[in-house]
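In: Compute the structure for the input listed below.
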Amino acid sequence: MTLVEIESLIALRLTQPLPASLAHDRMRATSLGALRPKYDNSLPPRPGAVLILLYEDHGVIKFPLIRRPEYLGVHSGQVSLPGGRTESDEGPVETALRETEEEIGIRRDSPKVLGVLSNFLVIPSNYIITPVVATLSGSPTFVPDAREVAGVLAASIDELVHDESIRESEILVSGQYRLMAPHFNVENSTVWGATAMVLNEFRSVLRDVIARHA
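Out: Residues are numbered from 1 along each chain as shown. All right, here's what the predicted structure looks like:
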């Protein structure tokens, strides 16, 4: 199975009904113990977008994830998809492409956009994000922005779609909140939270596409 063989099937599947919360909720972390994080989201959520950028590397279909630097914030050190806040003159596709260019150096005019997944509310940061799916010709050279990206991970769709890809383990957030978190494992890194929820919907899309392609 090559990227060229399935990209049209992915684009078609993205025009059809998506599992949305059914996929998201499967990867939702649950609190352990009495101490639980609280979020005061009294303002409307801000729009943002992320990019699932598929490319082929030596016959393996991959997509980049980024590790956020350590900082005083809710997503410190986490693994996420490239993306960020929407500017006033942008739609979600423009946001995802611009942010990916700024964060890992992929020119915004290079990807071929296939479509979007379901919008998703990221409660800790009060963003409503649109995940955009695109493909890239050839194997890219990533140029991480030192201020925003501590490292780039290469995830493969093979790791994402197999039956044992979803794991569960206890994690500690902000040094005090214990959570039981369903997650994916990429390059020995735990991918959980909003990113895992988005990827689980994409996983559902991929599994449908692979079944049709077989």
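In: so where do the helices sit in the protein?
Out: 3-13, 21-26, 92-104, 157-161, 193-213 (DSSP state H).
In: which of those is buried the deepest?
Out: helix 92-104 (a mean of 22; mean count of other Cβ atoms under 10 Å). C-beta here means a position set from N, CA and C on the backbone, and glycine is covered the same way.
In: Return the list of helices and strands in contact with that helix.
Out: Applying 3 or more Cβ pairs under 8 Å, 6 or more residues apart in numbering; DSSP states H and E, one finds that helix 92-104 contacts strand 46-57, strand 60-67, strand 83-85, strand 112-116, strand 127-135.
In: low pLDDT regions in this protein?
Out: Along the chain, the parts satisfying pLDDT under 70 run over 34-37, 39-40, 71-76, 174-175.
In: picking that back up, and the helices of the chain: which comes nearest residue 78?
Out: Nearest to residue 78 among these is helix 193-213 (6.7 Å), distances taken as Cβ to Cβ.
In: one step back: any chance of CSV for the helices of the chain, columns distance to residue 60?
Out: Converted to CSV, those look like this (distance: least, Cβ to Cβ, whole Å):
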stretch, distance to residue 60
helix 3-13, 10
helix 21-26, 24
helix 92-104, 19
helix 157-161, 7
helix 193-213, 14
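In: Of these, which is nearest residue 167?
Out: helix 193-213 (10.1 Å).
In: Share the number of residues neighbouring residue 118, please.
Out: 17 (other Cβ atoms under 10 Å).
In: The one 4 residues further on now?
Out: The number of residues packed around residue 122, counting by other Cβ under 10 Å, is 21.
In: In this structure it contacts residue 129, no?
Out: Yes. Assessed by Cβ atoms under 8 Å, residue 122 is found in contact with residue 129 at 6.0 Å.
In: Need the residues touching each of those two.
Out: 48, 194 (Cβ atoms under 8 Å, 6 or more residues apart in numbering).
In: related to what we said a few turns ago, and residue 57, which of the helices of the chain is closest to it?
Out: Of all the helices of the chain, helix 3-13 comes closest under Cβ to Cβ, at 10.0 Å.
In: and that closest one, what other elements does it pack with?
Out: Right, helix 3-13 is packed against strand 46-57, strand 112-116, strand 127-135, helix 193-213 by 3+ Cβ pairs under 8 Å, 6+ apart.
In: how about the ones you listed, which one is nearest residue 69?
Out: So among these, helix 193-213 is nearest, using Cβ to Cβ, at 15.9 Å.
In: just the CA coordinates of that closest one, formatted as CSV?
Out: Output of helix 193-213 as CSV, limited to C-alpha atoms (Å, rounded to 0.1, in the frame of the first residue of the first chain):
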residue,chain,number,x,y,z
GLY,A,193,-4.8,13.9,25.4
ALA,A,194,-6.2,16.0,22.6
THR,A,195,-3.6,14.8,20.1
ALA,A,196,-4.5,11.1,20.8
MET,A,197,-8.2,11.9,20.5
VAL,A,198,-7.6,13.6,17.1
LEU,A,199,-5.4,10.7,16.0
ASN,A,200,-8.0,8.1,17.0
GLU,A,201,-10.5,9.6,14.7
PHE,A,202,-7.9,9.6,11.9
ARG,A,203,-7.1,6.0,12.9
SER,A,204,-10.8,5.2,12.2
VAL,A,205,-10.6,6.8,8.8
LEU,A,206,-7.5,4.9,7.9
ARG,A,207,-8.9,1.6,9.0
ASP,A,208,-11.9,2.2,6.8
VAL,A,209,-9.7,3.1,3.9
ILE,A,210,-7.4,0.1,4.3
ALA,A,211,-10.4,-2.2,4.5
ARG,A,212,-11.7,-0.8,1.2
HIS,A,213,-8.3,-1.0,-0.4
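In: Okay then, goodbye and thanks.
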